[in-house]
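*Asks:* using only what follows, build the 3D model:
(chains A and B)
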Amino acid sequence: MSKFRKKKKSGTPPISTASLPDIVFMLLFFFMVTTVMRETEMLVDNTLPQATEVKKLERKSLVSYIYIGAPRGLNRKKQFGTKAKIQLNDSYATVADIQTFIAAERESRAEEEIPLLTTSIKADVDVKMGIVSDIKEELRKAQAYKINYSTRKEVE
Amino acid sequence: MARSNRSTPEINAGSMADIAFLLLIFFLVTTTMDVDTGIARKLPPTAEEQEPEDMQGNARNIYEVYVNKQDKLLVEEEEMSIQDLKNGVREFVDNNGKNPSLSDSPEKAIVSLVNSRGTSYEMYIAVQNELTAAYNELRNEAAIKKYNLNYTELAKDKQREIRKMYPMKISEAPPGEF
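*Replies:* Model (predicted):
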């Protein structure tokens, strides 16, 4: 009998947590690989329009972004009005600044990469075409011909 | 000699999980998963550098699409809803001279897109999307007919060949006030 009594006494063994770090590291590496740091703070509303015939933007390091939309948040709307504004990097800009912006983007890249540079236009759905056309005209003048109208993929 | 028998004490790895968690949460917060997608376009060079070639060559080869500031479509002088635009463009491009009011051949077909300054960006993208969809469908059909494969599955040079058969020529005039 003493044999059986001994077994009963031990109870459930504790679950080993030795593999917990491995699991967490696995998740960590996943997020490290997929992460893209947000480099700019959004100063404008930016709900992208939907489209079905979209292409993926390859090589993010070769893309410069132009954001267009109404100033984001009530405080900014009070300060700057509700008319659509252009955001380049971390500040508001005007159409006249686009050429300088493109030049600066080119400056920071290697020479052989310059023809591959794409400009992604991230405009809000409520933006009117007037301002977008002005930007396109400036991009033509700056000879930045490759553009991409950023959209969300339509969910069907 | 009892000393040499003693093994080195094990390092406590209990806090390893905490360290990993800390890093994990940092990356979780800073991560943005969204892949950038969009409609790719190439702008034409400015007028001073290059004169557009025989734009007014033949009226039948130009498919006029107007979008006004109420976001209404006027296609070939008739009102049209956005749903019909894709088929309209397809018919126009793939006409091959059959219908005298539509294009001579896909190579000559030009879609002229004119929008107002008051057109909403949403509508503009919707129109661009339909134009792209029409060309994508035509190219895909050509690829299936010729190679029995979807356009996206073809090799680069074959894709180029199909693209040459259906070159996407969209001409955009400066926006007007209407």
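
*Asks:* show the contacting residues for the residue of chain B found nearest chain A.
*Replies:* Nearest residue of chain B to chain A: residue B:117, at 3.4 Å (Cβ to the nearest Cβ). Bear in mind the C-beta positions are built from the backbone N, C-alpha and C, glycine included. Counting by Cβ atoms under 8 Å, 6 or more residues apart in numbering or on different chains, residue B:117 touches A:128-130, A:133, B:69, B:175-177.

*Asks:* repeat for residue A:153
*Replies:* Residues near residue A:153 by Cβ under 8 Å, 6+ apart: A:50-52, A:54, B:37.

*Asks:* are any of the residues you listed buried, and which?
*Replies:* Neighbour counting over the contacts of residue A:153 (16 or more other Cβ atoms under 10 Å in any protein chain shown) leaves A:50-51, A:54, B:37 as the buried ones.

*Asks:* buried sites along stretch A:73-88?
*Replies:* A:76, A:84-88.

*Asks:* grab the most central residue of chain B for me.
*Replies:* Residue closest to the mean C-alpha point of chain B, counted by Cα atoms, centre = their mean, is residue B:39 at 3.2 Å.

*Asks:* now the residue of chain B closest to chain A, nearest residue through space, not along the chain?
*Replies:* Leaving aside its sequence neighbours, residue B:117 sits nearest to residue A:130 (Cβ to Cβ, 6 or more residues apart in numbering or on different chains; 3.4 Å).

*Asks:* which single residue in chain A comes nearest to chain B?
*Replies:* Going by Cβ to the nearest Cβ, chain B is nearest to residue A:130 of chain A, at 3.4 Å.

*Asks:* just say helix, strand or coil for that residue.
*Replies:* State at residue A:130, reduced to three classes by DSSP: H, G, I helix; E, B strand; the rest coil: helix.

*Asks:* can you check residue A:151 too?
*Replies:* Classification of residue A:151 using three-state DSSP returns strand.

*Asks:* can you show me the helices along chain B?
*Replies:* B:2-5, B:16-30, B:82-93, B:121-147, B:156-165 (DSSP state H).

*Asks:* dump these into TSV; add distance to chain A, mean neighbour count and mean pLDDT as well.
*Replies:* As requested, these are arranged in TSV below (distance: least, Cβ to the nearest Cβ, whole Å; neighbours: other Cβ atoms under 10 Å in any protein chain shown; pLDDT from 0 to 100):
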stretch	distance to chain A	mean neighbour count	mean pLDDT
helix B:2-5	26	6	56
helix B:16-30	4	15	81
helix B:82-93	10	18	84
helix B:121-147	4	20	88
helix B:156-165	13	13	85
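
*Asks:* which among those helices is found nearest to residue A:59?
*Replies:* helix B:156-165 (16.9 Å; Cβ to Cβ).

*Asks:* in chain A, which helix is the longest?
*Replies:* Taking DSSP H as the criterion, chain A has its longest helix at helix A:20-34.

*Asks:* buried residues in that one?
*Replies:* Counting neighbours by 16+ other Cβ under 10 Å, one finds that the buried residues in helix A:20-34 are A:20-21, A:24-25, A:28, A:31.

*Asks:* what does that helix contact?
*Replies:* Against helix A:20-34 from outside (Cβ under 8 Å, 6+ apart): B:13, B:16-17, B:20-21, B:23-24, B:27-28, B:31, B:33.
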